[in-house]
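Participant: here you go, sequence then predicted model.
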Amino acid sequence: MRITAKANSNIALIKYWGKRNSDLNLPAVGSISVTLEGLSTQTTTRFETGLQNDRLLLNGKKESGPALVRITRFLDIIRNTSGVSLKASVESNNNFPTAAGLASSASAFAALAASASKAAGLNLSDAQLSELARRGSGSAARSVFGGYVVMHRGERPDGSDSIAEPLAEKNFWDIRLCIAITTEKAKTINSTVGMTQSKASSVYYPAWVDTAETDLAEMRSALLAKDFQKVGELSEYSCLKMHALAMSGRPGVVYWNGTSVEVMHAVQSLRQTGIPAYFTIDAGPQVKVLCLPEDENRIKVMLQEIPGVLRVLKTRPGDGVQIIEATE
Ligand code: 2P0
C-alpha cells in the first residue's frame, strides 16, 4: 500500500524539555500543547521490493545524511513490529519553511508514524500511534491529536504510558496564535542536544522536573475553565522557565535573537494597554503570541511593525493526524 498522511505542527504551552530515557525517547516531564492549523507536513510511504536502502525525498530534495539515518531508525521500529522487511520510499513535504525554526519534527514524525505504520499493514490505535510518533520526536506524540493535547511523562520503563491524549477538541475554545518570524535560518543547536546538555549540567534541572506536575495541573484547569489570562500567564511562565533552564547549562544555549527579545517586550507592553496577549517560544527564535480572535488582526499589525520581524503567520487550533490517501 502507498499511504499518505497529513499532520499539523503543535506548540507547547507547558513545555517538554529533558528525557528520562533517550533510547525510547521518554520525556522527563509531561507537556500540554495546541495543535496548529495550517502548519503541516504531508508524507507518503510505500514499502517496496528492490530497494537496497530506504529513500527519503524531503521537500523535493533527496536526502542521504543524518535525516535519512533518523528515518531509517524510525522505520526499523515499524519493520520490527509488522514483520515487513522491505525498505521504504518516503516522500515528505512541509507547507511551511523547514529552516524557519518552526517545529517541523512534530508534524513530520506524526505524519510519518501514521503513513508508514499503515503502509506496513499495521492498524494502530491513536494511543499506539502517539507512542510510535514519540520514538521519532517527543513533540510528535502530541500532533497525533487535534485541539488541546496533554502528553504524559509516564512511569513504565517500556514507555507504553508515555503517550499523548486529547484534553479538549479544537472547537472547544477559539484562541489564536500570531507567529513572528524573526529569521529564516535554521537553528544551530537542535532540541535533543539542548535538552541533553540541560539535564547533564544545569543546576536548575532537578527543580524543573520537580515542579512540572504543578505546572501541568494548573494549565489543565485553566484551559478547561477557558481562563485566558491564566493560560497566557502560565504559557509565558513555562516558556521563560524552559529557556532559563537551557541557558543555565554548561554550555548554555540561547535560542533567541535580538528580535525575539524585542517581541517579548512588545507583547508585555501591549498587555499594559489592556490587550490580552502572551508569548511562548520553542527551541528557536520565532515568537508565538497567544491572543483572542478579536485582537488577532491588530496584534499581527503590531508585530509586523517591530524592526527585525520578517513576517507574521496566523494560526489557530487544528486537527490531528489524518490519512488522506491510500492506494495499492
Ligand atoms: C516542546 N520542544 O514541548 C518543547 C519546547 C521545544 C521547546 O519538544 O528530542 O523535537 O525529538 O524528542 O520534540 C522540541 O523537541 O525533541 C520540543 P526530541 P523535540 O514542544
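Facilitator: Perfect, thanks for sending it. Numbers count the residues shown, from 1 in each chain.

Participant: hey, where'd the strands end up in the stretch 101-250 of the chain?
Facilitator: Applying DSSP state E, counting those that start in this stretch to the stretch 101-250 of the chain gives strands spanning 148-151, 164-168, 176-181.

Participant: the ligand is nearest to which of these?
Facilitator: strand 148-151 (7.8 Å; CB to the nearest ligand atom). For glycine as for every other residue, the C-beta is placed from the backbone atoms N, C-alpha and C.

Participant: packing partners for the closest one?
Facilitator: Judged by 3 or more CB pairs under 8 Å, 6 or more residues apart in numbering; DSSP states H and E, strand 148-151 is in contact with strand 31-48, helix 140-143, strand 164-168, helix 205-224.

Participant: out of these, which one sits most buried?
Facilitator: Among the helices and strands packed on strand 148-151, judged by mean count of other CB atoms under 10 Å, the one packed with the most neighbours on average is helix 140-143 (a mean of 34).

Participant: what's the average pLDDT for stretch 211-223?
Facilitator: Across stretch 211-223, pLDDT averages out at 98.

Participant: output that stretch as PDB, nothing but the C-alphas.
Facilitator: Extracted C-alpha coordinates of stretch 211-223, given in PDB (Å, rounded to 0.1, in the frame of the first residue of the first chain):
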ATOM      1  CA  THR A 211       7.800  21.400  39.600                       C
ATOM      2  CA  ALA A 212       6.400  20.000  36.300                       C
ATOM      3  CA  GLU A 213       3.300  18.300  37.700                       C
ATOM      4  CA  THR A 214       2.200  21.500  39.400                       C
ATOM      5  CA  ASP A 215       2.500  23.500  36.200                       C
ATOM      6  CA  LEU A 216       0.600  20.800  34.200                       C
ATOM      7  CA  ALA A 217      -2.200  20.700  36.700                       C
ATOM      8  CA  GLU A 218      -2.600  24.500  36.800                       C
ATOM      9  CA  MET A 219      -2.600  24.700  33.000                       C
ATOM     10  CA  ARG A 220      -5.100  21.800  32.700                       C
ATOM     11  CA  SER A 221      -7.600  23.500  34.900                       C
ATOM     12  CA  ALA A 222      -7.100  27.000  33.400                       C
ATOM     13  CA  LEU A 223      -7.600  25.600  29.900                       C
END
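
Participant: mind telling me what element the residue of the chain most remote from its centre is part of?
Facilitator: Distance from the C-alpha centroid of the chain, by CA atoms, centre = their mean, peaks at G50 (34.5 Å). Using DSSP states H and E, G50 sits within no helix or strand.

Participant: with that, I have no additional questions.
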